[in-house]
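Novice: Just a sequence and a predicted model for now, questions to come.
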Amino acid sequence: MSATLALTAAMFKRYAIELKRYYFNTFSMMMSFYLIFVLVFYGARSFAGNEAGFGDTLAGIVVGFMVFYIVIYAYGELSWVLMAEASQGTLEQLSMSPLGLGRVLVVRIFAALVYRVGIMLAFLVLMMATTGQWLRLDLVTLLPLLVFTIASAQGLGFVMGGFALVFKQVQATLGILQFAFVGLLAAPIDRLPWLKYLPLSWGNDLIRRAMIDGVSIFAVPAGDLLFLAANGAVYFGLGFLGFKFFERQARERGLLGHY
């Protein structure tokens, strides 16, 4: 087994143990998220009443919450991991891995996201049962769209992770940018096409088409899929380069061993 495969297996085992050991925290987190979702959904329905065409908007709220939950963790997980490692005094040890800090963190975030997506898909069934908004769950279509949408959010997460290496505490900035994500997910791409060049917006639009309108990935124009893949790859690549820049700064200034 190669070193990367061994690392991947170890990270999946680590997160499985954490979910089991800290099940109460996981359950509390999901319940708080569920209560917020219920308040937003039924608040929107009460406000709209029986307005024609609002059913698609309600279904869009379900999709938007699912995507928001996943991208928030994709975006913030790395920063929280680095701040926790720094506070525990283990960040410098992690950076001394022969695989390199970047590869270790990519594998760690990948393992975390697999678990998060699995939890969210299960939670989505509860959301649909609660609201009566039954959406199409075609995993062959949904998973590739999620991967490239998450990639753009993860690129921003790498930049924030680089900030965490240098500045140590970045919670306030993380929280501020989460509000920007709400705007990106709610962006009216049909009226403002240039928004598709920003992260998340185009991926969320395709996911809405797949889950609300039942559009299969084989029916999506190839240009739309290629644009989503390029968007995710560009933001992910730029974010990773930004992280490596800040990592180099942290090493040169001797910050990896300090909190």
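Specialist: Nice, thanks for sending it over. What you are looking at is a predicted structure, and each value in this text was computed from that prediction instead of being measured. Residues are numbered from 1 along each chain as shown.
Novice: Please enumerate the strands of the stretch 151-259 of the chain.
Specialist: In order along the chain, the stretch 151-259 of the chain carries no strands (DSSP state E, counting those that start in this stretch).
Novice: pLDDT weak spots in the protein?
Specialist: Applying pLDDT under 70 to the chain picks out residues 1, 48-56, 257-259.
Novice: how deep is the residue nearest to residue 142 when sequence neighbours are not counted tucked in, by neighbour count?
Specialist: Spatial nearest neighbour of residue 142, excluding adjacent residues (CB to CB, 6 or more residues apart in numbering): residue 210 at 6.0 Å. No exception for glycine: its C-beta is placed from N, CA and C like everyone else's. The number of residues packed near residue 210 is 25, by other CB atoms under 10 Å.
Novice: you'd agree residue 210 is up against residue 141?
Specialist: Yes: when contacts are counted by CB atoms under 8 Å, residue 210 is listed as touching residue 141 (4.7 Å).
Novice: tell me which element the residue nearest the centre of the chain falls in.
Specialist: Averaging the C-alpha coordinates of the chain gives a centre point, and the residue nearest to it by CA atoms, centre = their mean is residue 71 (2.1 Å). Element membership of residue 71 [criterion: DSSP states H and E] is helix 54-88.
Novice: What is that helix packed up against?
Specialist: helix 23-48, helix 91-95, helix 101-131, helix 139-167, helix 171-185, helix 201-212 (3 or more CB pairs under 8 Å, 6 or more residues apart in numbering; DSSP states H and E).
Novice: nearest to residue 13, of those helices?
Specialist: helix 101-131 (8.9 Å; CB to CB).
Novice: re earlier: got the contact list for the residue nearest to residue 142?
Specialist: By CB atoms under 8 Å, 6 or more residues apart in numbering, residue 210 lies in contact with 136, 138, 141-142, 145, 216-217, 220.
Novice: can you redo those residues as CSV with neighbour count and distance to residue 195?
Specialist: As requested, these are exported to CSV (neighbours: other CB atoms under 10 Å; distance: CB to CB, whole Å):
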residue, neighbour count, distance to residue 195
136, 14, 24
138, 14, 25
141, 22, 22
142, 21, 22
145, 25, 17
216, 12, 24
217, 15, 22
220, 17, 18
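Novice: returning to what we had before: could you name every residue contacting both of residue 210 and residue 141?
Specialist: Counting by CB under 8 Å, 6+ apart, the residues touching both residue 210 and residue 141 are 216-217, 220.
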